[in-house]
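Peer 1: Structure for the following, please:
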Amino acid sequence: MEKQPGKTRAVKRYRRSALYSAVLVVFRAIFHGIFRGRAQGGCHVPAEGPVILICNHTHAMDPLTLAACTPRRQVHFMAKKELFQNRLLAWLLRALHAFPVGRGRSDLAAMREAMSVLRAGNALGIFPEGHRGDGVSLGEIHSGAGLLALRSAAPVVPVFVRGSYRLFRGPSVAVGAPVEIEDLRRRGADKESVEEFSHRLRAALNRLSAQFDQKVG
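Peer 2: Numbers count the residues shown, from 1 in each chain. Below is the predicted model:
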């Protein structure tokens, strides 16, 4: 069987990072030991193959939290372009599988990078609100998440983070079952399909958020 050069280059480009693994070992200890954070539902994240993890956004540490709650995978993230202006920080972010995205506009380069991550069989983490919320209600879900989801074949796994990063009172994380969107993919990534995807994603994230309220009650 002939090799596929493009795929081979992608897999080599996105090889596992030793620094990523080391940082996550430290952060998991902090998350569980100092913050006393909790996570459930990690079994919904496939151990291999492309997957899109879509999470609400409450704090700058959310990417680390999402990564810590999916220990079987090394997650690739979009990070705001401004962070890559410092060379040292840019090197660190790329070593931790982050790549730049321009906020507030359509960034085709970032979309191509995200699709390349998925084609290489990796995990992609997305915070579709584009800004930090209160951890209870969801803000506007940007259309870019829907376009990526509908143009790929990767399962879309919703993740909800609730709570703050305080000593011994850290956040809780719920990982849900993949969102059912195969019918939307068959229709294509048109405006109506993207809007319906956003509706289903919001419903899935709201269900995860409601789990925390039920436990409190």
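Peer 1: and residue 21, what is it in contact with?
Peer 2: For residue 21, the contact set (CB atoms under 8 Å, 6 or more residues apart in numbering) comprises residue 74. Every C-beta, even on glycine, is put in place using the N, C-alpha and C of the backbone.
Peer 1: roughly how far apart are it and residue 96?
Peer 2: Distance, residue 21 to residue 96, using CB to CB, to the nearest Å: 10 Å.
Peer 1: Spell out, range by range, the strands that occur in the protein.
Peer 2: Under the criterion DSSP state E, the chain contains strands at 38-40, 51-55, 75-80, 98-101, 123-126, 156-162, 172-175.
Peer 1: so which of those strands comes closest to residue 200?
Peer 2: Proximity to residue 200, assessed across the strands of the chain by CB to CB, is greatest for strand 156-162 (9.0 Å).
Peer 1: Now do the closest one: which elements does it pack against?
Peer 2: Using 3 or more CB pairs under 8 Å, 6 or more residues apart in numbering; DSSP states H and E, the elements in contact with strand 156-162 are strand 51-55, helix 62-68, strand 172-175, helix 191-216.
Peer 1: Now the weakest link among these, please, by mean pLDDT.
Peer 2: Ranked by mean pLDDT, those end with helix 191-216 at the bottom, a mean of 88.
Peer 1: Next, count neighbours for the closest residue to residue 139 other than its chain neighbours.
Peer 2: Once flanking residues are discounted, residue 139 sits nearest to residue 129: 4.3 Å by CB to CB, 6 or more residues apart in numbering. The tally of other residues near residue 129 (other CB atoms under 10 Å) stands at 18.
Peer 1: Residue 129 reaches residue 56, doesn't it?
Peer 2: Yes - counting by CB atoms under 8 Å, residue 56 is a contact partner of residue 129 at 6.5 Å.
Peer 1: Perfect, that will be all.
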